[in-house]
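Student: Could you look at this predicted model? Sequence included:
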Amino acid sequence: MTEPILRMSGISKSFNGVPALADVSVDVHRGEVHAICGENGAGKSTLMKVLSGVYPVGSFDGTITLEGQPVAFRSINDSEAAGIVIIHQELALSPYLSIAENIFL
Ligand SMILES: Nc1ncnc2c1ncn2[C@@H]1O[C@H](COP(=O)(O)OP(=O)(O)O)[C@@H](O)[C@H]1O
Ligand SMILES: [Mg+2]
């Protein structure tokens, strides 16, 4: 098996002492499509926010490697620069823009 393009290993994240993610590991190999499934509150969004730097390095335990290289994202800008793009489920609409402008946004 080739090296995964993405490896999240031993990811744990708590909010005020309440664990949202406990030792989660995911490998993604080139060309694969994955679905992460779970009930509301299972931690799907939190895992993606860890991946994308919304929760910066140091605010969670575990490691992330891209193409075998450890990464330490401090922001969404960092993860986007590395080629990670998140389409968030929760839409942030602007009440001051038209529907068309919101869709474009
Ligand atoms: N910013 C936050 N502050 C406190 N608790 C949070 C926060 N974000 C998520 N949680 C909690 O973490 C758990 C996982 O949430 P989440 O990742 O949004 O789940 P999912 O996306 O699978 O529905 C839930 O118990 C949720 O209430
Ligand atoms: Mg979610």
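Tutor: Received it, and whenever you're ready, just let me know what you need. Ligands and ions are numbered 1, 2, ... in the order given.

Student: Which element, helix or strand, includes the residue most central in space within the chain?
Tutor: Nearest to the geometric centre of the chain sits residue 48, at 2.1 Å (Cα atoms, centre = their mean). Element membership for residue 48 (DSSP states H and E) is helix 44-51.

Student: low-confidence ranges in this protein?
Tutor: Applying pLDDT under 70 to the chain flags the ranges 1, 90.

Student: near ligand 1, which residues of it?
Tutor: By Cβ under 6 Å from any ligand atom, the residues of the chain that approach ligand 1 are 15, 20, 38, 40, 41, 42, 43, 44, 45, 46. (Each C-beta comes from the backbone N, C-alpha and C, glycine too.)

Student: switch the cut-off to 5 Å
Tutor: Taking Cβ under 5 Å from any ligand atom as the criterion, the chain approaches ligand 1 at residues 15, 20, 40, 41, 42, 43, 44, 45, 46.

Student: what's the spacing between the fifth one and ligand 2?
Tutor: Going from residue 42 to ligand 2 by Cβ to the ion, to the nearest Å gives 8 Å.

Student: isn't there a helix covering that residue?
Tutor: No - counting by DSSP: H, G, I helix; E, B strand; the rest coil, residue 42 is not part of a helix but coil.

Student: returning to what we had before: and the residue nearest to the centre of the chain, how far from ligand 2?
Tutor: Residue 48 sits 8 Å away from ligand 2, taking Cβ to the ion as the criterion.

Student: and what of residue 54?
Tutor: Between residue 54 and ligand 2 the computed distance is 12 Å (Cβ to the ion).

Student: cool, and residue 23?
Tutor: 19 Å.

Student: So what touches the helix or strand encompassing that residue?
Tutor: Following DSSP H and E, one finds residue 23 within strand 18-28. Outside strand 18-28, the residues that touch it by Cβ atoms under 8 Å, 6 or more residues apart in numbering are 4-14, 34, 36, 43, 46-47, 50, 60, 62.

Student: One more: stretch 63-70?
Tutor: Residues contacting stretch 63-70 (Cβ under 8 Å, 6+ apart): 3-11, 50-51, 71, 73, 82-84.

Student: out of those residues, which is most surrounded?
Tutor: Taking other Cβ atoms under 10 Å as the neighbour criterion, residue 50 ranks highest of the contacts of stretch 63-70 with 27 neighbours.
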